[in-house]
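S.K.: Have a look; sequence and predicted model below, questions after that.
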Amino acid sequence: MSFKLAFDKNLGLELFVFKHMYYDKSKKIFFSSYNTEHMIDAMGSFLLIFLNTDFEDDEDCRSLVFWFCFENLYYRKYPKIKKANQYSSTYLKLSFSEFNKEIAILKGIMIRIKADSLVEDLEIIDKRIVDKNIEKFENRIQQMVKRCLNSLGNNNDENRLKRLLYTGKILHLDGDRRYSEKSNKYYKSLGLNVIVKNIAENKQPRFVKVLVQRYRPDILVITGHDGMIKNGTGYQDIYNYRNSAYFVKSVQEARSLNYEGKDLVIFAGACQSYYEAIMEAGANFASSPARILIDFMDPLIVAQTIATTESTKYVTIKDMENDLRDGIKGVNGIGAMGKKKIVVTQM
C-alpha cells in the first residue's frame, strides 16, 4: 500500500487515504486485498495517532504497523508478489508468527553500536571468548591510565592542589548506563574534574542546555549508541541513523548558550554517527567520518586529551590519533585549545 492524500474542496480538509488489514482470530492470519475498501480519515487524525504512538512500546508500534502499513510490510517481505498482484484480487496473507518474530536489540560491550536482529539469526558466542576480549580491552584501558598519570605526575586531587595544576572540567552525557559508570571510573582514576550523567540519547537535547548552565564545563561529551539503519547507503539522510539527530540537536542546544567568552569544546557521536551533520551543528570533534564503529573509550580519549593539554596549545586529532580505535576514520574534527592551567599563588 502507498499512502494517498486527497483534498475535499467543499469541506476544506486534507484527507489521508489508506487500506488497512484484517485479523482472523480463528486462523491467526492477517490479510488484506485489492478489493478491500479504502479507508478515509482526516490528515490531522492520522498525525495525532502517529504522534501519540509510543515507539518504545511493542504493542503501540505493532498497532500502527498493522493498521496503516500492512501491504508495504508484506511487499517488502515478498517483493516478487507485488507485480503479480498489482491488478489481482488475491488476498495477501501473513501468519501471526511472521509478524511476531522476536527482535533482539543489540548493544556493544566495547563498541558504541546499537542494532537490531531477528533472534533466530543470532549465534551465541562462547563466554570464554567474550571474557578474553573484555580482558584485553580492560588491559588497554589500564595502560592508557598509566600513560596519562605519568604525563600528569599522578594528578589526583591532593597532588593537583599541591602543584596548582587544574585540568579542564568535563561534562559527559552518555546514553548507556554501564558505559556511564565505566566512564566515571576512568575519569576519576586520572583525577580529572568530571560530571557524568546517564541520559538516553533521545532525551539529551532536552537536558543538555540546563546541565551546561549548571556545571559550566570546559569540555562537553555527548555520546551513547548509534548506528545506520540501512548500512552502506543513505549517508546524507539523518533519518537513516538511530540517534544522530539527537546528537545534532544536543550540539545545537549547547551552542545556543551565551557562554560569556568561555570556549566550550564539544565532542559528539557514537558508532557510525552522521559526522558531517554533527560538525556542522557546532562540534569540535565528532564520529564517524567513515561510518565505522568506535569503541567505548574514543569519546573519553578526546575529552581527556583536551582536559590535560596546556591551554596555550591547540589540540588536533593528530595528538590522539594513535590512541583511538581506528584513528581519523572513526573520529575527526577541527581541533580545540587545551584546557590545562597552572596557577601560581602564595602557599
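M.R.: Cool, the structure landed.
S.K.: Residue 282 - how many residues pack around it?
M.R.: Neighbour count of residue 282, defined by other Cβ atoms under 10 Å: 17. Every C-beta, even on glycine, is put in place using the N, C-alpha and C of the backbone.
S.K.: Give me the pLDDT for it.
M.R.: We have a pLDDT of 95 for residue 282.
S.K.: what's the nearest residue to it once chain neighbours are set aside in contact with, if anything?
M.R.: Nearest residue to residue 282, sequence neighbours excluded (Cβ to Cβ, 6 or more residues apart in numbering): residue 255, at 3.8 Å. Residues near residue 255 by Cβ atoms under 8 Å, 6 or more residues apart in numbering: 264, 266, 281, 282.
S.K.: what ranges of the chain fall below the confidence cut-off?
M.R.: Residues of the chain meeting the criterion pLDDT under 70: 1-46, 48-49, 56-103, 110, 113-116, 141, 145-163, 259-262, 344-347.
S.K.: which stretches of the stretch 151-300 of the chain form strands?
M.R.: 165-166, 170-174, 194-198, 219-223, 265-268, 285-286 (DSSP state E, counting those that start in this stretch).
S.K.: most neighbours per residue, which of those?
M.R.: With neighbours taken as mean count of other Cβ atoms under 10 Å, the strands of the stretch 151-300 of the chain reach their highest mean count in strand 285-286, at a mean of 32.
S.K.: So which other helices or strands are in contact with that one?
M.R.: Applying 3 or more Cβ pairs under 8 Å, 6 or more residues apart in numbering; DSSP states H and E, one finds that strand 285-286 contacts strand 265-268, helix 275-281, strand 332-333.
S.K.: Could you spell out the sheet neighbours of the helix or strand that the shortest one is followed by, each with its direction?
M.R.: Note on strand 332-333: by DSSP states H and E, the next helix or strand toward the C-terminus is strand 336-337. Sheet partners assigned to strand 336-337 using DSSP bridges are listed as strand 314-315 (antiparallel).
S.K.: residues in contact with the strand it pairs with?
M.R.: For strand 314-315, using Cβ under 8 Å, 6+ apart, the contacting residues are 305, 306, 309, 335, 336, 337, 338.
S.K.: what's the most distant pair in the residues you listed?
M.R.: Farthest-apart pair in the contacts of strand 314-315 is 305 and 337; separation 11.9 Å (Cβ to Cβ).
S.K.: These two: which has the busier surroundings?
M.R.: Remark: of residue 305 and residue 337, residue 305 carries more neighbours, 23 against 17, as counted by other Cβ under 10 Å.
S.K.: element containing that one?
M.R.: helix 298-307.
S.K.: what angle do that helix and strand 219-223 make?
M.R.: 180 degrees (axes from the mean of the first three to the mean of the last three Cα atoms, to 10 degrees).
S.K.: what's the angle between helix 298-307 and strand 194-198?
M.R.: Here helix 298-307 points in a direction 160 degrees away from that of strand 194-198 (the same axes, to 10 degrees).
S.K.: Alpha carbons of helix 298-307, as CSV, please.
M.R.: C-alpha atoms of helix 298-307 as CSV (Å, rounded to 0.1, in the frame of the first residue of the first chain):
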residue,chain,number,x,y,z
ASP,A,298,37.1,7.0,21.9
PRO,A,299,35.0,9.9,23.3
LEU,A,300,36.9,9.7,26.6
ILE,A,301,40.2,9.9,24.9
VAL,A,302,39.2,13.1,23.2
ALA,A,303,37.9,14.6,26.4
GLN,A,304,40.9,13.5,28.4
THR,A,305,43.4,14.9,25.8
ILE,A,306,41.7,18.3,25.7
ALA,A,307,41.5,18.4,29.6
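S.K.: what does that helix contact?
M.R.: Contacts of helix 298-307 from elsewhere in the structure, counted by Cβ under 8 Å, 6+ apart, are 112, 144, 148, 167-170, 172, 183, 186-187, 190, 192-193, 218-219, 221, 223, 265, 267, 269-270, 285, 287, 315, 319-320, 323-325, 330-331, 333, 336, 338-340.
S.K.: Endpoints of stretch 307-325, how far apart?
M.R.: End-to-end distance of stretch 307-325: 20 Å, with Cα to Cα, to the nearest Å as the criterion.
S.K.: Can you give me the buried ones in it?
M.R.: Neighbour counts over stretch 307-325 (16 or more other Cβ atoms under 10 Å) mark 307, 308, 309, 315, 317, 319, 320, 321, 323, 324, 325 as buried.
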